[in-house]
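Asker: just a sequence and a predicted model for now, questions to come.
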Amino acid sequence: MTASPETTIIRPAHEGDRGFVLAATTRLSAFGVPAGRTAPEIVEGEARTLRAYFDAANPPETLLIAQTAGAPSGFVFLEEHQDYFTFATHGHIGILVVVEAVEGRGVGAALIGAAEEWARSRGHATLTLNVFEGNRRARALYERSGFRPDTVRYRKAL
């Protein structure tokens with residue numbers, strides 16, 4: 001468990017967090033969606049992953065909840081991926097959400113810090129994430145946190 005100066009506490013998720021986490025996924029389309037995508041498909045895709053996490057018999061501690069002033073204020077879902085070029089396993093932020101009421105108060109940075117701790121504790125030398133190209137606010141946070149663009153994925157509807 002980690003805490004930031006803004007009284008944000010990061011803790012592992014438990015079954016009682018299911019409602020908050022699934023409701024908060026709507027934030028994932030709040031910043032616009034890429035061309036050719038719809039908000040419902042993006043939200044449902046992420047919600048499907050999170051439902052599978054909660055439905056697992058013994059889910060790993062890969063879903064961390066931020067609490068600010070005692071209330072859930074965000075979450076980060078963590079995964080292990082394999083690098084395409086080197087085959088090295090690395091940590092990956094699959095989903096990161098901060099509720100609107102606490103935007104700009106350090107919750108996202110606290111979740112990223114917890115993700116870094118999680119990755120280091122597993123011996124990973126790298127942490128990755130994906131972000132929608134048009135989500136300028138998230139991209140600025142990631143770059144302030146030391147992330148740099150690696151590859152750019154293009155998509156073409158046929």
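Answerer: The structure has been received and is ready for your questions.
Asker: what sits closest to Leu145 if chain neighbours are left out?
Answerer: Residue 145: Ser, not Leu. Nearest residue to Ser145, sequence neighbours excluded (Cβ to Cβ, 6 or more residues apart in numbering): Ile112, at 4.9 Å. (Glycine included, C-beta is placed from N, CA and C.)
Asker: what stretches of this protein score poorly on pLDDT?
Answerer: 1-6 (pLDDT under 70).
Asker: can you tell me which helix in it is longest?
Answerer: Ranked by number of residues, the top helix in the chain under DSSP state H is helix 39-55.
Asker: and that one, what does it pack onto?
Answerer: The contact analysis (3 or more Cβ pairs under 8 Å, 6 or more residues apart in numbering; DSSP states H and E) places helix 39-55 against helix 18-24, strand 71-82, strand 89-98.
Asker: buried sites along the host helix or strand of the residue nearest to Ser145?
Answerer: Assigned by DSSP states H and E, Ile112 falls within helix 107-121. Using 16 or more other Cβ atoms under 10 Å as the test for burial, helix 107-121 gives 107-116, 118-119.
Asker: cool, and stretch 67-79?
Answerer: Of the residues in stretch 67-79, 67-68, 72-78 count as buried by neighbour count, 16+ other Cβ under 10 Å.
Asker: what of stretch 144-157?
Answerer: 145, 147.
Asker: Glu80 reaches Arg122, doesn't it?
Answerer: Yes. Glu80 is in contact with Arg122 according to Cβ atoms under 8 Å; the separation is 7.2 Å.
Asker: mutual contacts of the two, please.
Answerer: Contact criterion Cβ atoms under 8 Å, 6 or more residues apart in numbering; residues shared by Glu80 and Arg122: Gly91.
Asker: correct me if wrong: Gly108 contacts Val97.
Answerer: No. The criterion here is Cβ under 8 Å, and Gly108 misses it with Val97 at 9.0 Å.
Asker: what is in contact with the two at once?
Answerer: With Cβ under 8 Å, 6+ apart, Gly108 and Val97 have common neighbours Gly74.
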